[in-house]
Every structure is written in C-alpha cells, then in structure tokens.
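Visitor: After the sequence you'll find the predicted model.
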Amino acid sequence: MTKCIVCSPKPLPRELWIKAAESAIAINPVNRPPVHRLTRVMPGFAPTKAHLSVLTTKYWGAKGVKLTVGFLDNPSADLRKKILAHMNAWSKTANVAFVASSVDPQVRIARTPGDGYWSYLGTDVLQIEKSQPTMNLDSFTLATPEAEYRRVVRHETGHTLGFPHEHMRKTLVAKIDEEKAIEYFRRTQGWSPEQTRLQVLTPLEEGSLIGTATADDHSIMCYQIPGEITKDGQPIPGGLDIDNWDYDFAARIYPSSKSGPKGGKKAGKKVTKKRGGGAKSPTRKSSGKKSKAKRKSR
C-alpha cells in the first residue's frame, strides 16, 4: 500500500457551533438531532445547545445541492474547468451541481502550498467569511496527476456535501493499534498524539449516523490505513475514487430523477427507511459486499 495521504476536515470555531446548527436545521429539518430517542434511553437527559449542535447533521436537504464555486487565487480557465468537472462527478447519481461564479461564491477554493487538503463540512461552509476559503487543494495545477484529482477533489467535495471520514466508523477504528498509529502519524504527518486521536482514533458517535449498517473500507471518504498500524496487520484499503456505495448513498441523500430506486437496484441493494421521515439508505444483501454509513455531523 502507498503512503497514507491525509485530509484534515476543518471544524468551525466553537463560537459558531450553535449558529451553524440552527442554520443546518433551517436548511434541512432532517438535520435536527433525535433528542426524543436520547431522552428515552437516558432518563433526565437535558442537553445544552452546544451539545445538540455537535449532533446536528450538515446535509443540504432532499431537494438537492446547487452551490456556486469561486477560486481565491485566479487560476487558469482550464484548471477551474477541470476542478469543477471532478466536483460534479457526484452528480452521476445525485441531484448535485457545482457552478462557477465570481459573485459571492458559496464554495471558495484556495491552493495554498503547505496548507494541506481540507474542506468544511456540508452547510458549515455558509458560516465562513466571504473572503476566506471553504476548501484547500494544496498546490494543485494542470500538471497534477489525474488520479490525484479523482482522489483529492472528489474527497473534499464529499465533505462539502456533508460526508465525514468513513475510516472513523467504530468498526474500522477498532482495527487500529493506538500506539502504532500515534507513532506512524507523528513520523509521516508530524501530528501530535492529540491530532491522531482526533483524526483517526476517535470513532464517530454511532447514535449520530445516518446511512447503511456497516462501514465501507473502499469509500472515497476512507483513508488508506497501512497494515503496519492495524492490530491484525491487514491494511484498510481506503478509496481512490467514488465507489458504487458512495454513489448509492449520495443518491439516497440527494435523490434525482436519474437515480432513485433504479440506482439502488442496479447496485444490488434494497432500501430501508431510517429516522422516520429521514433519508433512505441502502442495506446489504447476501452478496458479501459491504454497505456504507455516514455520520450526521462533526
């Protein structure tokens, strides 16, 4: 396996959490956290607004996603076109569109060298000052290999659509040796133990997941984790491009006329209803293939 190349999704400053949660719920009411379920299993549970903000999803809503995109460093027209084409790869099955604009774009892309690859999550992009980027594609040019466009641009666009890291599902985190991971990411990324725990070792809250039953270790949203830091020595393969389960999940969250039930049938999945009135999600048949799940919110 090649060296693990990482992305660090940008969290909002704590002072914006409550405002961002209120905005996410106004945009898509399904983003509201299932407080009624928590009160049933935790008598006397009285969450604060800050607590609820962490459990709030960041999806744009079943009507789909149409966001304007601008660039902060004036790249060539060909480079803009290529990046937009890879962002719109998600539209293969989902009602998703990213459109170039120079007037107050909602998604703002920088290519700041040394700042890494990152994006804010879903509706959080609306909380960022208009002069600041919502996504960084470190040093991308027309000479960047096509494979990197598929791996990086499509991954960061997944975050903009509201999808968190798949490798932080509980079942995948459980495969990683903590001490080995801390040493590995210190050596390869210069991360502190705290950064490694945040980015790799802290599983997503299962109660705040929406999607399918098990993690997809081939998802575009999943890191490639080398066998040298797993407990059984077997790597977590990760994804180099949007896979069929990614496409199917995006179609369920952002349904379009060209996806819907036909897309699910083609992928060999049946559909179940989750969170009464929420999004539909694919579940696995007995084919042995893995289904996927996404977290509601950071």
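Guide: All right, it came through fine.
Visitor: Lys49 reaches Ile18, doesn't it?
Guide: Yes - between Lys49 and Ile18 there is a contact under CB atoms under 8 Å: 5.0 Å. Quick note: C-beta positions are derived from backbone N, CA and C, even for glycine.
Visitor: So between these two, which is more surrounded?
Guide: The neighbour count for Lys49 versus Ile18, taken as other CB atoms under 10 Å, is higher for Ile18 (15 against 10).
Visitor: what helix or strand does the more buried one sit in?
Guide: Following DSSP states H and E, the helix or strand that holds Ile18 is helix 17-27.
Visitor: what distance separates that helix from the middle of the whole chain?
Guide: Helix 17-27 has its average C-alpha position 18 Å from the chain's average C-alpha position, going by CA atoms, centre = their mean, to the nearest Å.
Visitor: Give me the buried positions along it.
Guide: For helix 17-27, a neighbour-count test (16 or more other CB atoms under 10 Å) marks Trp17, Ala20, Ala21, Ser23, Ala24, Ile25, Ile27 as buried.
Visitor: residues in contact with the second one?
Guide: Residues touching Ala20, when contacts are defined by CB atoms under 8 Å, 6 or more residues apart in numbering, comprise Leu12, Ser53, Thr56, Lys58, Thr123, Asp124, Leu126, Gln127.
Visitor: change it to 10 Å
Guide: Neighbouring residues of Ala20 by CB atoms under 10 Å, 6 or more residues apart in numbering: 12-13, 53, 56, 58, 120-128, 297-298.
Visitor: Among those, which one sits closest to Phe249?
Guide: Compare each of the contacts of Ala20 with Phe249 using CB to CB and the shortest gap goes to Gly122, at 13.9 Å.
Visitor: Burial check on the closest one, number of neighbours?
Guide: In terms of burial, Gly122 registers 27 neighbours under the definition other CB under 10 Å.
Visitor: pLDDT wise, what is it at?
Guide: Per-residue confidence (pLDDT) for Gly122: 94.
Visitor: Show me the chain divided up by domain.
Guide: The record, using automatic domain parsing to delimit domains, assigns the chain the ranges 14-43+58-160, 166-295.
Visitor: chain center to the first one: distance?
Guide: If I follow you right, that is domain 14-43+58-160. Domain 14-43+58-160 sits 9 Å away from the centroid of its parent chain (CA atoms, centre = their mean).
Visitor: what about it, start to end distance?
Guide: Chord length of domain 14-43+58-160, first to last residue, is 19 Å (CA to CA, to the nearest Å).
Visitor: same check, this time on stretch 59-69
Guide: 18 Å.
Visitor: and that stretch, which residues are buried?
Guide: Of the residues in stretch 59-69, those buried under the neighbour-count criterion (16+ other CB under 10 Å) are Tyr59, Trp60, Gly61, Val65, Leu67, Thr68, Val69.
Visitor: Could you double-check that the fifth one lies in contact with Trp60?
Guide: So the one you mean is Leu67. Yes - look at Leu67 against Trp60 with CB atoms under 10 Å: they come within range, at 8.1 Å.
Visitor: any chance of the buried residues of stretch 59-69 in CSV, with secondary structure too?
Guide: Listed next are the buried residues of stretch 59-69 as CSV, based on DSSP: H, G, I helix; E, B strand; the rest coil:
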residue, secondary structure
Tyr59, coil
Trp60, coil
Gly61, coil
Val65, strand
Leu67, strand
Thr68, strand
Val69, strand
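Visitor: Pull the contacting residues for Ala250.
Guide: For Ala250, the contacting residues are 65, 90-96, 158, 161-163, 242, 256, 259, 263, 294, taking CB under 10 Å, 6+ apart as the criterion.
Visitor: What subset of these is buried?
Guide: Neighbour counting with 16+ other CB under 10 Å marks 65, 90-91, 93-96, 158, 161-163, 242, 256, 259, 263, 294 as buried within the contacts of Ala250.
Visitor: Using the three-state scheme, assign the residue lying closest to His159 once chain neighbours are set aside.
Guide: Distance criterion CB to CB, 6 or more residues apart in numbering; nearest residue to His159, sequence neighbours excluded, is Ser119 at 4.0 Å. Of the three states, Ser119 takes strand according to three-state DSSP.
Visitor: Bridged to Ser119, which residues?
Guide: In this structure, Ser119 bridges to Met135 when assessed by DSSP bridges.
Visitor: Could you pull out the helices in the chain for me?
Guide: Taking DSSP state H as the criterion, the chain contains helices spanning 17-27, 35-41, 49-55, 77-87, 146-148, 154-160, 170-173, 178-189, 193-196, 244-253, 260-266.
Visitor: Which one, of the ones you listed, ends up nearest to Asp216?
Guide: For the helices of the chain, proximity to Asp216 was assessed by CB to CB; helix 244-253 is nearest, at 4.7 Å.
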